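**Q** Everything below, folded, please.
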Amino acid sequence: MDISSMIDLVFLLLIFFMVSSHLIIVRIDKNVRPSVVKNAAVAEVATGRIVINVYGFGLRPELAAMEGKIFDANGNELDTSEAIEAFVDEQATIIRESEANLTPKLHLRADFATDTRLIKKVVQASAKAGVIDVIFGSYATEK
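**A** Next up is the predicted model:
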């Protein structure tokens, strides 16, 4: 039996799905040092996340200019509550329109030496933008 046409069809389908699908990337800033938590769990699904990094104090000297500041996943500074709210609203709209049945979630990666007022500022601005699910980034340790 000649199955060469079947193989051609399989390769065409493979190329179609590779081109039409999109990669899900959660950008992680290695300069943010999250808290170490005993009961942390690794997320099973990374889709629908809006990543915001909050830098703490006591960073390395070359990162001193970033201390106590808030950035999006692309490294753009979000200096006011209005900027945070606009960014979260924009990202939430993109997630709601592009993904089926996804609820946008705020993935807050705060440095362990972060002032809690900065975290509160981000969470409140996110809530104003309509994103109320918050995931706090942390490192897991042995139980």
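**Q** contacting residues around residue 97?
**A** Contacts for residue 97 (CB atoms under 8 Å, 6 or more residues apart in numbering) come out as none. Backbone N, C-alpha and C define where each C-beta goes, glycine included.
**Q** any idea which element it lies in?
**A** For residue 97, the enclosing helix or strand under DSSP states H and E is helix 81-98.
**Q** buried stuff in that helix?
**A** 84, 85, 87, 88, 89, 91, 92, 95 (16 or more other CB atoms under 10 Å).
**Q** Closest to residue 57 out of those residues?
**A** residue 84 (19.6 Å; CB to CB).
**Q** what's the closest non-adjacent residue to residue 92?
**A** residue 104 (4.0 Å; CB to CB, 6 or more residues apart in numbering).
**Q** model confidence over stretch 122-139, on average?
**A** The average pLDDT within stretch 122-139 is 85.
**Q** Next, the buried residues of that stretch.
**A** Applying 16+ other CB under 10 Å to stretch 122-139 flags 122, 123, 125, 126, 129, 131, 134, 137, 138 as buried.
**Q** Check stretch 110-126 too.
**A** 110, 111, 114, 118, 119, 121, 122, 123, 125, 126.
**Q** if you look at those residues, which of them are in strands?
**A** Judged by DSSP state E, strands contain the following of those: residue 110.
**Q** Switch the buried residues of stretch 110-126 over to TSV; also include distance to residue 4.
**A** Below are the buried residues of stretch 110-126 laid out as TSV (distance: CB to CB, whole Å):
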residue	distance to residue 4
110	57
111	58
114	60
118	62
119	60
121	62
122	57
123	58
125	58
126	55
